[in-house]
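Asker: Mind folding the following:
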Amino acid sequence: MLVSLSPLLCHVVLSSLPLRDILASFSSTALKMSNIKTIVISGPSGAGKSTLLHLLMKDYPTSFAFSVSHTTRKPRPGEVDGKDYHFVTHKEFEEMIQKKKFLENAMFSGNYYGTSKAAVEEIQKTGRICILDVEINGVKSIKTTGLNAKYIFVQPPSIEALEKRLRDRKTETEESLQKRLDTANEALDYSKQPSVYDHIIVNDKCDEAYQKLKEVVQEDIEKLK
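Answerer: Residues are numbered from 1 along each chain as shown. Here you go, the predicted model:
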């Protein structure tokens, strides 16, 4: 509690408002944010969710924010600790796993990546809605935590259309392409299970899919006001 209130107490020194009024305002804001759902968005690589999220962040920069993930990989040139990632050691990451500090975590190419509960809380403290862009296993993990979230799945119009998009990128080998398609089929099968996702957006035409996404999150934006 002292950590959460310290910025507020600093403000009290400079403010002419009575402490009880400031505390009441703080409590009201905290209560409002406790009712705001984290947006968990998922979808196969090539489905277009990154494009949709880029548009959303561009149109609503003060309403949404991405959490800063933890990773054990080394920083790349230009990356800033605490901004791009929280860079930690394998030992530190594994200690956080043991202490159940992550909403979801996974290992890729020998390095851990994960979303901590604290990272989501930090976004909420700024009065914005936290967006988590995760894979299928991340969705499964987050669903076990009891996080107050809205789950959105971005779906390609067909697996054939998805394959064409991936091939058009010209960044995949046949082996990596097949792995992505296998993962996509798994994600599509999972999305068909009842109550997994609150909303499924078929991204055939980007402008129509984005309009649908805005409709889905509009009620969350309204709660911030």
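
Asker: What residues of stretch 120-130 count as buried?
Answerer: Buried residues in stretch 120-130, defined by neighbour count with 16 or more other Cβ atoms under 10 Å: 120, 123-124, 128-130. Quick note: C-beta positions are derived from backbone N, CA and C, even for glycine.

Asker: CA-only coordinates of that stretch in CSV, if you can.
Answerer: Output of stretch 120-130 as CSV, limited to C-alpha atoms (Å, rounded to 0.1, in the frame of the first residue of the first chain):
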residue,chain,number,x,y,z
VAL,A,120,-0.2,-5.3,-16.0
GLU,A,121,-0.8,-3.5,-12.8
GLU,A,122,1.7,-0.8,-13.8
ILE,A,123,-0.4,-0.1,-16.9
GLN,A,124,-3.6,0.1,-14.9
LYS,A,125,-2.0,2.6,-12.5
THR,A,126,-1.6,5.0,-15.5
GLY,A,127,-5.3,4.8,-16.1
ARG,A,128,-5.0,3.0,-19.4
ILE,A,129,-6.2,-0.4,-20.6
CYS,A,130,-3.5,-3.1,-20.8
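
Asker: thinking again about what came up before, would you format the buried residues of stretch 120-130 as JSON lines with pLDDT and secondary structure included?
Answerer: Listed next are the buried residues of stretch 120-130 as JSON lines, based on pLDDT from 0 to 100; DSSP: H, G, I helix; E, B strand; the rest coil:
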{"residue": "V120", "pLDDT": "94", "secondary structure": "helix"}
{"residue": "I123", "pLDDT": "94", "secondary structure": "helix"}
{"residue": "Q124", "pLDDT": "91", "secondary structure": "helix"}
{"residue": "R128", "pLDDT": "95", "secondary structure": "coil"}
{"residue": "I129", "pLDDT": "96", "secondary structure": "strand"}
{"residue": "C130", "pLDDT": "97", "secondary structure": "strand"}
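
Asker: Next, format these as CSV and append distance to N35.
Answerer: Formatted as CSV, the buried residues of stretch 120-130 follow (distance: Cβ to Cβ, whole Å):
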residue, distance to N35
V120, 15
I123, 15
Q124, 11
R128, 14
I129, 11
C130, 14
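
Asker: Which member of those residues is positioned nearest E215?
Answerer: Checking the buried residues of stretch 120-130 against E215 by Cβ to Cβ gives I129 as the nearest, at 15.2 Å.
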